[in-house]
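**Student:** With the input below, show me the fold.
(2 chains)
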Amino acid sequence: MSMRNVGIVYRKELTEALRDRRTVISTILVPLLLFPVLSVGFGSLAVALVGKAKEEIPKVMLRGGEDSPTVVEGLRKLDKIEIVPETSGWKDQIINKEIRAALEIPSGFQSDVAQQKSETVKIFKYEGELKSEFATEKVEKYMKEYRDKVVKDRLAAKNLPETVLNPFEVKQENVAPPEKVSGAAFGGIIGYMVILLCMTGAMYPAMDLTAGEKERGTMETILSSPISRMHLVLGKFFLILTAALGTAALSVLSMGVSFSVLSHYTGQTEGGRAAAAGFLLHLGPKTVISVFLMALPIAVLFSAALMTIALFAKTYKEAQSYLTPMTFVVIIPAVAAMLPGVELTSKLSLVPILSTSLLCKELVAGTYHWNLIAIIFSSTCVYAAAALFIAIKMFQRESVLFRS
Amino acid sequence: MIEARGLSKRFQDKKRGEIRAVDNVSFTCQPGKIYGLLGANGAGKTTTLRMLATILEPTDGTAMVCGYDVVDDPEKVRANVGFLSTATALYRRLTAQEFVEYFGRLNGLDEATLKKRVDDIFNRLDMNGFRDRRCDKLSTGMMQKTSIARTLVHDPPVMIFDEPTNGLDIMTARTITAFIRECRDNGKTVIFSTHIMSEVEKLCDTIGIIQSGKLLVEGSLVQLRDKYAEHELEEIFVKVVTPHYVAEENN
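**Tutor:** Residues are numbered from 1 along each chain as shown, chains lettered A, B, ... in the order given. I've put the predicted structure just below:
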């Protein structure tokens, strides 16, 4: 096989790809900007919005409580909430965000508590609405503190220690190092992103180099040259593969830089450092290389499969309509790997995409199951080789190249 | 030299069943001569020429191009052929020079030879004014010159032109016809298809009339005039094709 011709086709396709605005955007700009925008941009925005919501002094409506002055007085003294008197339509006011919550104290609450009768205090809220949840939290905290005080007083009255109600503590302690903790939490996302970006990176060039070439009328031009169809398809395939891996590499690079920037800023404060320890990914060179080695066969699989499918299309638009649903075919197993409880097993190692996604999760957490890695790498290589073989065969079929 | 022997091409169509696009076509084109394949749209001209250029594979029969079999040695055939049609477009994101060089490299030229040949062709076709301009910025005439340069870069002994002037303005079409004559004068074997009678009258040494995939008649313009007792090629064409055309319409 003459690699010279494959190289000639590859260089020409690369030159054209780098001059094409759409390819540059989808392969270089999107992966470079995606993570900074998502992490730094949205992260800062979310922190700012939550901070603002927490700073707000919410209005809480008090229902009843006329005969429970101590409780009400304590509530009014809280500088974190503003107590407003009861008016009609309070439920609508909560829904319309005019007030954030309502506290209902039953009649005779304070005296019932004093007589050791059981009572229920109700807090009404708008579930899922951030500011309503914060208000509820503050009111609930106050009421729980009041309850704890009542319990403490009762125990003191009977000369009993507090341990009567709390004979022992239950504590959780993490033994996993930070990289494993963050790996378990975010490893699935890394696999998902690498797989998805391999796919999106390959998609545009796959369409452009097949259906696009048919549509522009250059397919007949190149087929009239002495290059064999196998060399032609390999030259095109390597360009698509470069785009797939380039997109994935740039996205990981961008992700690394974004996390470092976040780490730098959150590390400025004590609380930020504590949050960052649990939140940030620890991606060492070994992890990065491992993830890339496992992404390689999946990128080959995507490049060959997308090229074969796009080759059937007569126009770029038709190719788009074939390849867009393929995104879901890839996303579903990639997302399945992020579901809690889905673990890498020898059976799942044979399922393409899902196995790579699950493995990435393990690799990022620093776990290396060598037998499963071997199964996944070799099975994905077999699928990739089959896809490439089909692509070469399709390029030799006149009914596909000259479909009318 | 081109020698077609019983060249046939059948396609399967879901609605119409088997279609015989080219049916047992045989002819010979000699070096230094122009063979004109004349036929209406859908007569089988493009399919025949695509088989000669090995873009399509014959279902039956074969053809020898410069001593190479189109079925057994397609890559060697293509190395000896320059193929030009209105369907052979340019890579719009390459410059004219890059485009021609790409095909030179695919034809196995080394860098020194390639540079010399590209310089020669660009000087000869007066293309130096736009050699570094991207193909999507070229005028139609410039595009045609670039396509011609592509077919010439490896100096092939056989030239195949499939309706090369189709849809072109008169000035660009004249550039093409002048180029076809030049190829003949340089001793190349030239075959070209068209449905434009005046082009055939002006250019061709031998004319083959094709209809429904069959080569109905072949000869020089003088021979055809004698045989059908008509002076105008258009009248000869109508006389030859009408019985087959009517039969096809009835079917």
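
**Student:** Tell me where the stretch 51-200 of chain A has strands.
**Tutor:** All strands of the stretch 51-200 of chain A, identified by DSSP state E, counting those that start in this stretch, fall at A:59-64, A:82-84, A:101-105, A:122-125.

**Student:** got JSON lines for these, with mean neighbour count too?
**Tutor:** Glycine gets a C-beta too; all of them are placed from N, C-alpha and C. Listed next are those as JSON lines, based on neighbours: other CB atoms under 10 Å in any protein chain shown:
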{"stretch": "strand A:59-64", "mean neighbour count": "20"}
{"stretch": "strand A:82-84", "mean neighbour count": "16"}
{"stretch": "strand A:101-105", "mean neighbour count": "23"}
{"stretch": "strand A:122-125", "mean neighbour count": "16"}
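
**Student:** can you put those strands in a markdown table and add mean pLDDT?
**Tutor:** Formatted as a markdown table, those follow (pLDDT from 0 to 100):
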| stretch | mean pLDDT |
| --- | --- |
| strand A:59-64 | 90 |
| strand A:82-84 | 89 |
| strand A:101-105 | 92 |
| strand A:122-125 | 94 |
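
**Student:** Which one of those lies nearest to A:Leu372?
**Tutor:** Taking CB to CB, strand A:122-125 is the member of these nearest to A:Leu372, at 46.5 Å.

**Student:** Tell me how far the closest one lies from the chain's centre.
**Tutor:** 33 Å (CA atoms, centre = their mean, to the nearest Å).

**Student:** That one - contacts with which helices or strands?
**Tutor:** Packing contacts for strand A:122-125, counted by 3 or more CB pairs under 8 Å, 6 or more residues apart in numbering or on different chains; DSSP states H and E, involve helix A:90-95, strand A:101-105, helix A:130-157.

**Student:** Can you name the residues that contact the spatially most central residue of chain B?
**Tutor:** In chain B, the C-alpha nearest the mean C-alpha coordinate belongs to B:Phe161, at 1.9 Å (CA atoms, centre = their mean). Residues in contact with B:Phe161 (CB atoms under 8 Å, 6 or more residues apart in numbering or on different chains) are B:Leu84, B:Ser85, B:Ile176, B:Ile180, B:Val190, B:Ile191, B:Phe192, B:Ser193.

**Student:** Take those and keep only those in helices.
**Tutor:** B:Ile176, B:Ile180 (DSSP state H).

**Student:** Quick check on the contacts of B:Phe161: which are buried?
**Tutor:** B:Leu84, B:Ser85, B:Ile176, B:Ile180, B:Val190, B:Ile191, B:Phe192, B:Ser193 (16 or more other CB atoms under 10 Å in any protein chain shown).

**Student:** correct me, but the third one touches B:Thr165?
**Tutor:** Yes: look at B:Ile176 against B:Thr165 with CB atoms under 8 Å: they come within range, at 5.2 Å.

**Student:** Report the closest residue of chain A relative to chain B.
**Tutor:** Minimum separation of chain A from chain B (CB to the nearest CB) falls at A:Gly217, amounting to 3.4 Å.

**Student:** Setting aside sequence neighbours, what's the nearest residue to that residue?
**Tutor:** Excluding the flanking residues, the one nearest A:Gly217 by CB to CB, 6 or more residues apart in numbering or on different chains is B:Ala89, at 3.4 Å.

**Student:** so after the helix or strand of chain A with the lowest mean pLDDT, what's the next helix or strand?
**Tutor:** None of the helices or strands of chain A scores lower by mean pLDDT, DSSP states H and E than helix A:270-279, at a mean of 47. Later in the chain than helix A:270-279, the nearest helix or strand by DSSP states H and E is helix A:285-312.

**Student:** Pull out the buried residues from the next helix or strand after that following helix.
**Tutor:** Per DSSP H and E, helix A:285-312 leads on to helix A:316-336 as the next helix or strand towards the C-terminus. Across helix A:316-336, burial judged by 16+ other CB under 10 Å covers A:Tyr316, A:Glu318, A:Ala319, A:Tyr322, A:Leu323, A:Met326, A:Val330, A:Pro333, A:Ala334, A:Val335, A:Ala336.

**Student:** which SSE is A:Leu33 in?
**Tutor:** Taking DSSP H and E as the definition, A:Leu33 sits inside helix A:30-35.

**Student:** just the helices and strands packed on strand A:122-125: most buried one?
**Tutor:** strand A:101-105 (a mean of 23; mean count of other CB atoms under 10 Å in any protein chain shown).

**Student:** one step back: show me the beta-bridge partners of the residue nearest to the centre of chain B.
**Tutor:** Counting by DSSP bridges, B:Phe161 is bridged to B:Leu84, B:Phe192.

**Student:** how about the strands of the stretch 51-200 of chain A in TSV, adding distance to A:Thr287?
**Tutor:** Below are the strands of the stretch 51-200 of chain A laid out as TSV (distance: least, CB to CB, whole Å):
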stretch	distance to A:Thr287
strand A:59-64	48
strand A:82-84	50
strand A:101-105	46
strand A:122-125	43
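
**Student:** do you know which of the ones you listed lies nearest A:Ala244?
**Tutor:** Checking the strands of the stretch 51-200 of chain A against A:Ala244 by CB to CB gives strand A:122-125 as the closest, at 47.8 Å.

**Student:** Can you list the strands that the closest one pairs with?
**Tutor:** Paired with strand A:122-125 in the same sheet, following DSSP bridges, are strand A:101-105 (antiparallel).

**Student:** which residues in the stretch 151-251 of chain B form strands?
**Tutor:** B:158-162, B:189-194, B:206-211, B:214-219.

**Student:** pLDDT on the third one, on average?
**Tutor:** In this case it means strand B:206-211. Throughout strand B:206-211, pLDDT has a mean value of 94.

**Student:** same check, this time on the shortest one
**Tutor:** For strand B:158-162, the mean pLDDT works out to 94.

**Student:** centre of the chain versus that strand, how much separation?
**Tutor:** Relative to its parent chain, strand B:158-162 has a centroid offset of 3 Å by CA atoms, centre = their mean.

**Student:** Output it as PDB - backbone C-alpha positions only.
**Tutor:** Backbone C-alpha positions of strand B:158-162 (Å, rounded to 0.1, in the frame of the first residue of the first chain) are rendered in PDB as follows:
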ATOM      1  CA  VAL B 158      -5.400  10.200 -24.100                       C
ATOM      2  CA  MET B 159      -7.900  13.000 -23.500                       C
ATOM      3  CA  ILE B 160     -11.500  12.300 -22.700                       C
ATOM      4  CA  PHE B 161     -13.900  15.200 -22.800                       C
ATOM      5  CA  ASP B 162     -17.500  14.700 -21.600                       C
END
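
**Student:** Give me the angle between that strand and strand B:189-194.
**Tutor:** Per axes from the mean of the first three to the mean of the last three CA atoms, to 10 degrees, the angle that strand B:158-162 makes with strand B:189-194 is 0 degrees.

**Student:** got the buried residues for strand B:158-162?
**Tutor:** Applying a neighbour-count criterion of 16+ other CB under 10 Å, one finds B:Val158, B:Met159, B:Ile160, B:Phe161, B:Asp162 buried in strand B:158-162.

**Student:** Tell me the buried residues in stretch A:228-239?
**Tutor:** Buried-residue list, stretch A:228-239, by 16+ other CB under 10 Å: A:Ser228, A:Arg229, A:Met230, A:His231, A:Leu232, A:Val233, A:Leu234, A:Gly235, A:Lys236, A:Phe237, A:Phe238, A:Leu239.
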